[in-house]
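# sharing a model prediction with you, sequence too.
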Amino acid sequence: MNGLFITIEGPDGAGKTSVLNELYPKLQLTAKRSIVKTREPGGIPIAEKIRHVILDPINDQMDDRTEALLYAAARRQHLVEKIWPALEANKIVLCDRFVDSSLAYQGAGRGIGMEEVAKINEFAIEGTTPDVTLYLDVDSDTGLQRIIKNRTNQIDRLDSEGLQFHQKVRHAYLKLADANPDRIIKIDARKRLDEVVKDCFYELLTRYPDYFQS
């Protein structure tokens, strides 16, 4: 499969969506190929509906394994409809979250087990792995403070979890980064937004000169 698959990961409050929205137009100006910006869960109608079910605070009785399976189902459909066709067309895919999120949130945060969640997702993704992952790292206290301060809409089911849950998530992300140093680039997300975007931009242009003009 051709193309370049880039994912952005991080715990809640790391600023992933803000960084992606700022990074995307900068990459467009330098990219030698078309860029597809998307997110998980979501990106396509079916997956967006699953996203609503997962994150709706009213669904507070959802079983942890049900949650993990719904994420994997949304991911599968997203791959089939959007990510795989884009990569096959030699495009650049810039995605907000992928399997690492499930490993961190459901595997570690929910306590299902990272290996168990990896097995669920392997069935869904058939070996698809990002070429590079920008991991935006922020401590859990700062992340939760940002959530409370900046959220203008309703806080979702995962945002509303306590400090211990978010600490487990961050620890899992750091473990994944240590285990995959060739794929996962750790970015200090405690910095100002413009500095974080600059760091992400530099890493991509430096690593992939065939895809981006410096």
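Sure, I can see it.
# where do the helices sit along the chain?
All helices of the chain, identified by DSSP state H, fall at 16-30, 45-55, 64-78, 84-88, 99-102, 114-125, 140-150, 163-179, 193-207.
# now those helices in TSV, with distance to K37 and mean neighbour count?
Glycine gets a C-beta too; all of them are placed from N, C-alpha and C. Below are these laid out as TSV (distance: least, Cβ to Cβ, whole Å; neighbours: other Cβ atoms under 10 Å):
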stretch	distance to K37	mean neighbour count
helix 16-30	5	16
helix 45-55	15	17
helix 64-78	13	20
helix 84-88	10	17
helix 99-102	17	26
helix 114-125	20	16
helix 140-150	21	15
helix 163-179	22	18
helix 193-207	14	17
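# looking at those, which is nearest to F5?
The closest of the helices of the chain to F5 is helix 84-88. By Cβ to Cβ, the value is 6.1 Å.
# re earlier: out of the helices of the chain, flag the one nearest T133.
Closest among the helices of the chain, using Cβ to Cβ: helix 99-102, at 6.3 Å.
# so what touches that closest one?
Helix 99-102 is contacted from outside by 7, 9, 40, 68, 71-72, 75, 117-118, 120-121, 125, 129, 133, 135, 173, 176, 184, using Cβ atoms under 8 Å, 6 or more residues apart in numbering.
# re the thing from before, and the helices of the chain as a markdown table, adding distance to N2?
Formatted as a markdown table, those follow (distance: least, Cβ to Cβ, whole Å):
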| stretch | distance to N2 |
| --- | --- |
| helix 16-30 | 18 |
| helix 45-55 | 23 |
| helix 64-78 | 19 |
| helix 84-88 | 6 |
| helix 99-102 | 21 |
| helix 114-125 | 18 |
| helix 140-150 | 36 |
| helix 163-179 | 26 |
| helix 193-207 | 17 |
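# which one of those lies nearest to Q213?
Closest among the helices of the chain, once you apply Cβ to Cβ, is helix 16-30, at 4.7 Å.
# which other helices and strands contact that closest one?
In terms of contacts (3 or more Cβ pairs under 8 Å, 6 or more residues apart in numbering; DSSP states H and E), helix 16-30 is packed against strand 4-9, strand 35-39, strand 92-96, strand 132-137, helix 193-207.
# 7 Å - rerun?
Applying 3 or more Cβ pairs under 7 Å, 6 or more residues apart in numbering; DSSP states H and E, one finds that helix 16-30 makes contact with strand 4-9, strand 35-39, strand 92-96, helix 193-207.
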